[in-house]
Structures are given as structure tokens and as C-alpha cells.
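*Asks:* what follows is a predicted protein model with its sequence.
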Amino acid sequence: SPHYEGARLTAVIEVPMLYGGELIGVIVVEELDNAIHKFTERDARLLSLFAAQAASVVRNARLYEETHHRAEQLVTLNEMSRGLAATLDLPTIYRTAYQYACKLVENQSGGISLFDSQKGLIIPTFKMVNGAPVDVQTYSPLPYDPHANTGRSRAIAMRAPVWVDDLLKLDASAPKPRCREQTPRSALFIPMVVEDRVIGLLEMESDQHAVYDPGDAELLELAAGQIGLSIRNAQLFGQTQQRAQELALVNQLSTAVNQPLTLDAVLANTLQELVCVLNVDHGAIATFSDSREYLTVTAEYSPNGAQSVRGALIPVRDNPAIETVIREQRALAISAGSAAAIPRAIGARSALMVPLLLHDEMIGAISLASHEERRVFPDAEMVLAQTIANQAASAIEKARLLEEARRRADQLAVLNRIANAIN
């Protein structure tokens with residue numbers, strides 16, 4: 001203290017503050033400068049009695065403070081639970097979760113990442129830096145390595161909280177923004193475990209060294225369980241809605257392609273609906289030649305008026321994409337590197353090839369092409385396209401048989417008129 005600066009210490013007595021055998025503090029009494037008082041055994045005994053009472057008072061005050069703080073934390077957890085239960089919108093869940101996490105552990109930076117176990121990627125989905133939201137598109141997904149000594153991978157592998165006192169020593173544990181931004185110094189990663197499976201991470205970051213401790217980890221682990229469950233419920237709800245929409249689309253398309261129309265009309269309806277539903281730039285249907293050495297484009301649809309490729313021949317031999325579709329009889333996403341599978345006039349950078357299957361035999365293929373170089377066709381879109389293609393194949397065969405029957409009927413009518421004229 002400035003008041004005692006330069007003062008000479010002449011005597012001192014120190015008495016431990018003990019509570020239940022645990023040292024919780026020390027009482028120190030000092031004499032300064034010219035004081036002639038000397039501490040005695042009696043002073044020590046009196047001070048020890050006072051220290052025992054003081055230890056009890058300090059201990060009770062700490063317990064009260066801890067109990068009060070714990071009650072506030074439980075109230076925050078309860079409020080967070082109610083807030084998360086009130087919505088099934090994922091962005092709202094992310095914001096709500098992080099808002100309450102910052103109430104539990106004072107924090108200005110962090111976010112939420114989702115874990116894709118199939119692709120082995122940790123994908124940032126919500127991010128705050130210094131209290132302001134950040135576009136997560138500026139962050140690249142991180143690879144997951146169960147053997148890596150990085151915060152995120154360790155938290156996922158161990159299914160337990162991991163705090164890193166110095167991120168500068170663990171460069172790979174921090175996501176790399178595509179824009180220039182200061183790297184956080186310390187971090188806390190909490191796995192969100194749902195049904196014994198890690199679905200993501202709750203992340204807290206600080207520009208200070210060694211900010212987080214086991215108490216923070218224990219508290220946020222309780223929150224992470226609730227957050228993970230809310231995210232999973234929202235994902236399941238979204239999947240259910242998507243499935244309902246897909247079934248409605250399948251029913252709509254089934255009605256469209258199964259109308260008693262001409263073959264050309266069936267092909268046009270199928271392509272138009274698929275191009276619109278999958279939001280691609282061009283759709284085409286190609287059927288096998290009699291020798292099955294070529295696929296001939298027999299119908300196409302392009303909302304942007306692309307150059308026509310109707311009548312184009314696509315060789316089957318030495319065409320890996322087509323050969324794969326024929327061999328595996330399943331939809332296949334292809335890139336510009338498989339250009340032989342897509343007529344060049346379309347100008348496509350990526351496409352989805354869907355087999356037309358009739359009685360387990362491939363009668364042709366549907367090409368759904370995009371001008372986007374890295375157009376991703378999720379599994380749900382591929383399944384939907386294949387389902388529609390299966391129905392279209394049946395409708396195409398019906399329309400073909402109907403046209404043959406009409407043509408045969410016309411031929412018989414002509415023959416009948418000729419016979420009547422001769423007789």
C-alpha cells in the first residue's frame with residue numbers, strides 16, 4: 001500500500017485461517033517503524049480464536065456466493081432451454097444458444113460448428129467475433145482427424161470438453177477465415193452429444209491467454225447437451241418437411257407424366273418438372289440405339305434457351321460416366337472432366353446422369369446439367385431424380401406402346417380401305 005511505502009517492519013504475527021482442516025486464508029498483523037510492541041503467545045492464542053471465527057464467516061460467505069451464483073446459472077440454463085424449445089428454426093437456435101452460453105461464461109467470440117462424420121469435416125455454421133456476427137461462408141470447413149492434437153478434433157474424439165490455453169501453438173485447431181482476422185489466443189471446445197453421437201461443437205474463444213478452466217467446461221457441457229438436442233430436433237423436422245415436399249413433388253410429377261399423352265409430351269413434362277425442381281440449366285433424355293452403342297438425345301428442355309442438342313449421339317464405349325451408370329444402374333453426379341457424357345453444345349460444367357430403368361433394364365438416361373462448376377447434387381436430390389425417372393420410364397414405355405398401337409391401327413385401317421376398294 002502507498003500508505004506504508006518505505007515503512008520498516010519491526011514485528012509480525014501470522015495465523016492460519018482453518019475450516020475443517022482446510023486452509024482458506026491467513027491473518028497477518030504487523031508492527032512498523034519504531035513500535036516497541038512484541039507479540040506474545042497470548043496474542044497468538046487470541047488471534048487464533050479470531051481466525052477460527054473469521055474462517056467460518058469467510059467460508060459461509062463463499063458458500064452463499066457460490067450457491068447464489070449456481071442458482072443464477074441454473075436460471076440461465078432453464079431460460080435457454082425454454083428459448084430453444086420455442087423454435088425449430090436452425091439460425092434462431094444458433095443465436096439463442098450462443099447468447100445464453102455467453103451469459104454462463106462471459107465471452108465475446110465463438111460460435112457453433114456441425115460435425116459431418118461421413119465426410120470427416122467440421123463445418124462452421126454460426127460465428128461471433130467481438131460480439132458481432134460474422135459470415136460463416138468466409139470460413140473453410142476443417143478436416144477431422146481423431147489422432148490430431150487439435151482442440152476440435154480432440155473434443156470430438158474424446159467426447160469431452162477441451163480447452164486450449166494457447167492456440168498459437170495449435171494452428172490447425174482454429175478455422176482459417178478467407179479474410180484477414182486476428183487469430184484467437186485461447187479457446188474452449190464443447191462437444192454436443194446426442195444419442196451417443198457427436199453432432200457438433202459449442203466453441204468459445206478469447207484473445208487472452210489461458211482464459212478458460214474446468215469449471216467453465218463443466219457448466220457449458222450442460223448447455224451443450226440441450227443445444228445439441230435442439231439442433232437435432234430441428235434437423236429432423238426439416239428432413240420431415242423436405243420428405244413431405246419430395247413426396248408431393250413425386251405425386252405431382254407422377255400425375256403429369258402418366259397422363260394419356262403422346263410420347264413427346266411425356267418426355268417434355270418429365271424434363272420440365274425435373275429442371276425446375278432441381279434448379280439446373282438443361283435437361284435431356286437420351287435412349288439407346290438398336291445396337292446399344294450410342295445414346296440418342298430424343299428430348300430436351302432448357303429454360304434459358306440453350307443451343308439444341310436434340311438428335312446428338314453420345315457414345316457408350318470408352319465413356320466412363322455412362323458405363324458406370326449402365327453397370328451400377330444408379331444416378332451419378334459428374335463434372336466437366338467427364339465431358340464425353342454431356343454434349344458439348346450444352347456448355348455444362350457439372351451434371352447428374354439418371355438411368356431410365358424398366359423391368360431392371362436400362363432403356364436410356366436423363367441428363368440434368370448445370371453451368372456451375374461445382375454444383376453439388378445431394379443424396380436427397382439424387383434419390384428424388386431416380387424416383388421420378390423410374391416413373392417416367394414406365395410412362396415412356398406406355399406412351400410408346402400406345403403410339404405403336406395407334407400406328408398399327410392406322411395401318412390396319414389403310415389396309416382395310418384398300419381391301420374394300422379392290423373388292
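*Replies:* Cool, the structure landed.
*Asks:* tell me, how many residues neighbour residue 398?
*Replies:* Residue 398 has 16 neighbours, counted by other CB atoms under 10 Å. Glycine gets a C-beta too; all of them are placed from N, C-alpha and C.
*Asks:* how much space separates the residue nearest to residue 232 when sequence neighbours are not counted from residue 101?
*Replies:* Leaving out its chain neighbours, the residue that sits closest to residue 232 by CB to CB, 6 or more residues apart in numbering is residue 194, at 4.6 Å. The gap separating residue 194 from residue 101 is 17 Å, by CB to CB, to the nearest Å.
*Asks:* of those two, which one has the most company?
*Replies:* Neighbours of residue 194 and residue 101, each counted by other CB under 10 Å, are more numerous for residue 101; the result is 25 against 18.
*Asks:* for the helix or strand where the more buried one lies, the distance to its chain's centre please.
*Replies:* If you go by DSSP states H and E, residue 101 is part of helix 90-104. Centroid separation for helix 90-104 versus its chain: 16 Å, with CA atoms, centre = their mean, to the nearest Å.
*Asks:* what's the first helix or strand after it?
*Replies:* Following helix 90-104 in sequence, per DSSP H and E, is strand 109-116.
*Asks:* and that following strand, what does it pack onto?
*Replies:* Under the contact criterion of 3 or more CB pairs under 8 Å, 6 or more residues apart in numbering; DSSP states H and E, strand 109-116 touches helix 90-104, strand 121-129, strand 197-206, helix 214-257.
*Asks:* okay, these, which one's buried deepest?
*Replies:* strand 197-206 (a mean of 23; mean count of other CB atoms under 10 Å).
*Asks:* need the contact partners of that strand.
*Replies:* Contacting residues not belonging to strand 197-206 are listed as 97-98, 101, 105, 107-115, 117, 122, 125, 152, 155-156, 159, 167, 184-193, 212, 216, 220, 223-224, 227-228, 231-232 [CB atoms under 8 Å, 6 or more residues apart in numbering].
*Asks:* which residues of the stretch 51-200 of the chain score low on pLDDT?
*Replies:* 170-182 (pLDDT under 70).
*Asks:* 90 instead?
*Replies:* 51-88, 99-110, 118-119, 128-141, 146-151, 163-186, 195-196 (pLDDT under 90).
*Asks:* what ranges does it have for its strands?
*Replies:* Counting by DSSP state E, counting those that start in this stretch, the stretch 51-200 of the chain has these strands, from start to end: 109-116, 121-129, 132-133, 142-143, 162-164, 186-194, 197-206.
*Asks:* my read: residue 161 touches residue 155, true?
*Replies:* Yes: the criterion here is CB atoms under 8 Å, and residue 161 meets it with residue 155 at 6.5 Å.
*Asks:* distance to residue 352 added to the helices and strands packed on strand 109-116, as CSV?
*Replies:* Shown next, in CSV, are the helices and strands packed on strand 109-116 (distance: least, CB to CB, whole Å):
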stretch, distance to residue 352
helix 90-104, 26
strand 121-129, 22
strand 197-206, 28
helix 214-257, 15
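*Asks:* so which of those gets nearest residue 263?
*Replies:* Distance to residue 263, taken as CB to CB, is lowest for helix 214-257 among the helices and strands packed on strand 109-116, at 11.0 Å.
*Asks:* now the element after that closest one, going C-ward?
*Replies:* helix 263-278.
*Asks:* relative orientation of that next one and helix 214-257 in degrees?
*Replies:* Using axes from the mean of the first three to the mean of the last three CA atoms, to 10 degrees, the direction of helix 263-278 lies 160 degrees away from that of helix 214-257.
*Asks:* for the helix or strand following helix 263-278, packing partners?
*Replies:* Per DSSP H and E, the first helix or strand lying C-terminal to helix 263-278 is strand 282-288. Applying 3+ CB pairs under 8 Å, 6+ apart, we find strand 282-288 packed against helix 263-278, strand 294-301, strand 361-370.
*Asks:* quick one: contacts for residue 84?
*Replies:* Shown in contact with residue 84 (CB under 8 Å, 6+ apart): 93, 96, 97, 226, 227, 230.
*Asks:* distance to residue 278 for the residues you listed - can I get that in TSV?
*Replies:* Formatted as TSV, those follow (distance: CB to CB, whole Å):
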residue	distance to residue 278
93	28
96	33
97	33
226	36
227	33
230	30
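*Asks:* and the residues you listed, which is closest to residue 23?
*Replies:* Nearest to residue 23 among these is residue 226, at 38.0 Å by CB to CB.
*Asks:* brilliant, that's me finished.
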